[in-house]
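In: Quick one, what's the 3D model for this:
(one chain, ligands or ions: 1)
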Amino acid sequence: MRLNRKVAILGATGAVGQRFIELLQDHPWFKIEVLAASERSAGKKFGHACNWIMNSNLPTEIAEMPIVNVDLESIRKAGNVDLVFSALPGGLAGPVESELASEYPVFSKASAHRMDQDVPLIIPEVNPEHVGLIPIQKKARGWKGFISTDPNCSTIQLAMTLKPLMNFGLSKVIVTTMQALSGAGYPGVSSLDIIDNVIPFISNEEDKLECESQKILGSFNYDRIMPDKLILSASCNRVNVREGHLESVFVKLDQDPTIDDVEEAFRKFKGKPQELNLPSAPDNPIVVREEKNRPQPRFDRKEGRGMSVVVGRIRKDPIMTIKYMCLGHNTIRGAAGGGILSAELIVAKGIA
Ligand code: NAP
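Out: Below you'll find the model as predicted:
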């Protein structure tokens, strides 16, 4: 396996792009080679074009890098790239990622290709076998590269907690989300809209949670994904929190496990990233908190360097079977960190 891969980041100036830059500092396998964003930023130095909103300092060498356009020709000219991370807005990502995938492996955080039949929608601990779609996709589309996608931020943390519950015969899920502001990108929601408020609507988010979860938890049958028959109902809200989505989850199970059984299933849950010891893998993908008032975004979002999902308040439900709260860091596990972990998995498997 050849390491030290050179990467391009599309949408590098945005909330997710900046998180990619931060997480890739000192990454053992991936080195930032090219930064790309809109025509508004292209041609400028990154430090001039970007309003850096990470808590860490903007690295000097990144501030000095030029920003280029997101098309194939510009990326080719800008450097000797091995793979591409895309943090572009959904609408734009579709054609741009297809163009780049003709030449490069593209790891996308955008929604454009997530539900394409031949594109994997990966959470490395949950459905690593879905990367089997990649050779099929390359052949069908005649591409040198490929597209691999990650789910929506609120879906990732939910699906990670649903996977261990499948052993109890999971059949129905009701989820209400309380989603952080950074999930809307930068500058995102206007302060006058969100201060002293909760907004009970996030465009397309409920559909994404429902459809993506069925694909992720589905089975890979030689050349296609058979979606899981799970029925989900989602209700999504934007809340006045900077980072970390909190979700209230109700599940219907065929079996009637004790709270201890459920807790143990969450605690024991591990996957390929832990087995392969991938650089971004958290030791514990799911962390269970015992306190009656946890998880909370401010205290728990950085668990496992932002890569663990934190679960708490597991209890019996008189209508469904079990209910619990779960929390995930939306720009780390839900976005850039999840994307990097997917790329690590696919590189480790020798597919990219
Ligand atoms: P964002 O903060 O609004 O950043 C958007 C980025 O795309 C910026 O770098 C922007 O560059 C660039 N861009 C905008 N229009 C462009 C154009 N016409 N051509 C080329 N580049 C353009 O958004 P974000 O929150 O980082 O989200 C990026 C993607 O990740 C979206 O698809 C989003 O749905 C997804 N996602 C976000 C999160 C999250 O928590 N935020 C989580 C999971 C997935 P300029 O600065 O030059 O305008």
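In: in stretch 173-183, what's buried?
Out: Buried residues in stretch 173-183, counting neighbours by 16 or more other CB atoms under 10 Å, are found at Val173, Ile174, Val175, Thr177, Met178, Gln179, Ala180, Leu181, Ser182, Gly183. For every residue, glycine as well, the C-beta is placed using N, CA and C.
In: near the ligand at all, that stretch?
Out: Yes - applying CB under 6 Å from any ligand atom, one finds stretch 173-183 in contact with the ligand at Ser182, Gly183.
In: re the thing from before, from the buried residues of stretch 173-183, which single one is nearest the ligand?
Out: Gly183 (4.1 Å; CB to the nearest ligand atom).
In: And for the nearest residue to the closest one once chain neighbours are set aside, the neighbour number?
Out: Of all residues not flanking Gly183 in the chain, Asn330 sits nearest, at 4.8 Å (CB to CB, 6 or more residues apart in numbering). Per other CB atoms under 10 Å, the neighbour tally for Asn330 reads 31.
In: For Asn330, which residues are in contact?
Out: By CB atoms under 8 Å, 6 or more residues apart in numbering, the contact set of Asn330 is Cys153, Ser154, Gln179, Ala180, Ser182, Gly183, Glu243, Gly244, His245.
In: The fifth one belongs to a helix, doesn't it?
Out: Same thing as Ser182. Yes - Ser182 sits within a helix when classified using DSSP: H, G, I helix; E, B strand; the rest coil.
In: Number of residues surrounding Gly271?
Out: Gly271 has 19 nearby residues by other CB under 10 Å.
In: Equivalent analysis for the one 5 residues further on, please.
Out: Residues near Leu276, counting by other CB under 10 Å, number 15.
In: in this structure, what residue is nearest the ligand?
Out: Gly14 (2.0 Å).
In: these two touch, right, that residue and Gly185?
Out: Yes - look at Gly14 against Gly185 with CB atoms under 8 Å: they come within range, at 5.7 Å.
In: what about those two, which has more around it?
Out: Neighbours per residue, other CB under 10 Å: of Gly14 and Gly185, the larger number sits with Gly14, 24 against 16.
In: and the gap between the more buried one and Ser41?
Out: 10 Å (CB to CB, to the nearest Å).
In: I'd like to know which elements the host helix or strand of Phe220 is packed against.
Out: Here Phe220, judged by DSSP states H and E, is contained in strand 219-221. Based on contacts counted as 3 or more CB pairs under 8 Å, 6 or more residues apart in numbering; DSSP states H and E, there is no element that strand 219-221 packs against.
In: The ligand contacts on the stretch 1-150 of the chain?
Out: Residues of the stretch 1-150 of the chain lying near the ligand (CB under 6 Å from any ligand atom): 11-17, 37-38, 40-41, 70, 87-90, 92-93, 109-111.
In: Among those residues, which are located in helices?
Out: Ala15, Val16, Gly17, Gly90, Leu92, Ala93 (DSSP state H).
In: Where is pLDDT lowest across these?
Out: The lowest pLDDT within these belongs to Gly90, with 91.
In: Find me whatever residue is spatially closest to that one, sequence neighbours aside.
Out: Ser111 (4.3 Å).
In: Now do the contacts for that neighbour.
Out: Contacts of Ser111 by CB under 8 Å, 6+ apart are Gly90, Ala93, Asn152, Asn204, Lys208.
In: Mind checking the pLDDT average for stretch 160-179?
Out: 98.
In: now do stretch 265-282
Out: Stretch 265-282 comes out at a mean pLDDT of 98.
In: May I have the distance across that stretch, first residue to last?
Out: Start-to-end span of stretch 265-282 (CA to CA, to the nearest Å) is 17 Å.
In: now the helices for the protein?
Out: Using DSSP H, helices in the chain cover 15-24, 46-49, 60-63, 72-78, 90-101, 133-141, 153-165, 191-194, 205-216, 259-268, 272-275, 297-300, 337-348.
In: Tell me which of those sits nearest to Ser233.
Out: helix 205-216 (7.2 Å; CB to CB).
In: so how far is Val311 from Val288?
Out: For Val288, the distance to Val311 - CB to CB - is 5 Å.
In: list residues touching both of these two?
Out: Phe266.
In: Enumerate every residue touching Asn204.
Out: Contacts of Asn204 by CB under 8 Å, 6+ apart are Ser111.
In: please redo it, this time with the cut-off set to 10 Å
Out: Counting by CB atoms under 10 Å, 6 or more residues apart in numbering, Asn204 touches Gly90, Ser111, Asn152, Cys236.
In: Repeat that for Met65.
Out: Met65 touches Ala12, Ile21, Ile32, Glu33, Val34, Leu35, Lys45, Phe46, Gly47, Pro59, Ala78, Gly79, counting by CB under 10 Å, 6+ apart.
In: for these, which one is nearest Phe250?
Out: Nearest member of the contacts of Met65 to Phe250, counting by CB to CB, is Ile21, at 37.7 Å.
In: Quick check: chain neighbours aside, which residue is closest to the closest one?
Out: Closest residue to Ile21 apart from its sequence neighbours, by CB to CB, 6+ apart: Ile62 at 5.8 Å.
In: can you check Tyr186 too?
Out: Ala15 (4.4 Å).
In: With Gln25 instead?
Out: Gln25's closest residue in space is Pro59 (CB to CB, 6+ apart), at 6.1 Å.
In: All set now, cheers.
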